[in-house]
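Undergrad: A predicted structure for the sequence below; I have some questions about it.
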Amino acid sequence: TPPVPAHRDSRPAGAYRSGYRFREGHVVVRLSEGQLAILDSNLNLVKTLVGIQEAGSLSEGLIKVKNSDGLWGFTNLENQEVVRSKYFNVNSYREGLAIVMQKVEGELLHGVIDKQGNEVIPMTSKYDYLTSFSEGLCVFEKDGRIGYLNAERKEVISSDDWRRSEEHSLNSSHDVESRM
């Protein structure tokens, strides 16, 4: 597969269909034939993502990927599986941690894993929602209550009066990404 040219006007027709923003010197693109690929900052092909249906942007050296069974996990730039694809959904890594979700008997469970796939916060139905970590905390929602949770599973800030909580990092765009 040829690399994608740097200027949109100079690219060959059909060279690629879509791509993310560059992160950590790389971008994930969907090639015209539908396959996902990783390009470097010079738009050279790094790796074709074989067997991957969807992918997110590179984050902390790992890419969240969805396999043909519809399950999410993480690969590195060489398309080597680092965290086995076994999750219903995942958020990209931040601060070495990723929010993961599994459906068990119709119930959505949330947990937190490290970059080796070890559970830092075991899968639980205790929370209705968790955001990615920022400054050592993630936002949780539980029974209409919103607050902040640390990696030791301690609810450090919460209130029954809050109806909404914005991410507390200046780099909040990291969590908001579409998928390919």
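TA: Good, I have the coordinates.

Undergrad: quick check, Lys126 in contact with Arg145.
TA: No: in this structure Lys126 lies outside contact range of Arg145 using Cβ atoms under 8 Å: 11.3 Å. From N, CA and C alone the C-beta is placed, and that goes for glycine too.

Undergrad: which pLDDT value belongs to Ile146?
TA: In the prediction, the pLDDT value recorded for Ile146 is 88.

Undergrad: what distance do you get for it to Phe22?
TA: Counting by Cβ to Cβ, to the nearest Å, the separation of Ile146 from Phe22 is 33 Å.

Undergrad: settle it for me: which of these two has more neighbours?
TA: Looking at Ile146 and Phe22 with other Cβ atoms under 10 Å, you find the greater number of neighbours at Ile146, namely 19 against 15.

Undergrad: for the more buried one, give the beta-bridge partners.
TA: Note on Ile146: beta-bridge partners by DSSP bridges are Glu141, Ser159.

Undergrad: ok, it to Val112 distance?
TA: The value you get for Ile146 to Val112, if Cβ to Cβ is used, is 18 Å.

Undergrad: let me see the contact set for Gly136.
TA: Glu95, Asn150, Ala151 (Cβ atoms under 8 Å, 6 or more residues apart in numbering).

Undergrad: list buried residues within the residues you listed.
TA: Burial by neighbour count, 16 or more other Cβ atoms under 10 Å: within the contacts of Gly136 this picks out Ala151.

Undergrad: with pLDDT and secondary structure added, can I get the contacts of Gly136 in a markdown table?
TA: A markdown table is the format used below for the contacts of Gly136 (pLDDT from 0 to 100; DSSP: H, G, I helix; E, B strand; the rest coil):
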| residue | pLDDT | secondary structure |
| --- | --- | --- |
| Glu95 | 95 | coil |
| Asn150 | 90 | strand |
| Ala151 | 87 | coil |
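
Undergrad: chain neighbours aside, what residue packs nearest to Pro122?
TA: If the residues on either side of it in the chain are set aside, Pro122 comes closest to Gly111, at 5.7 Å by Cβ to Cβ, 6 or more residues apart in numbering.
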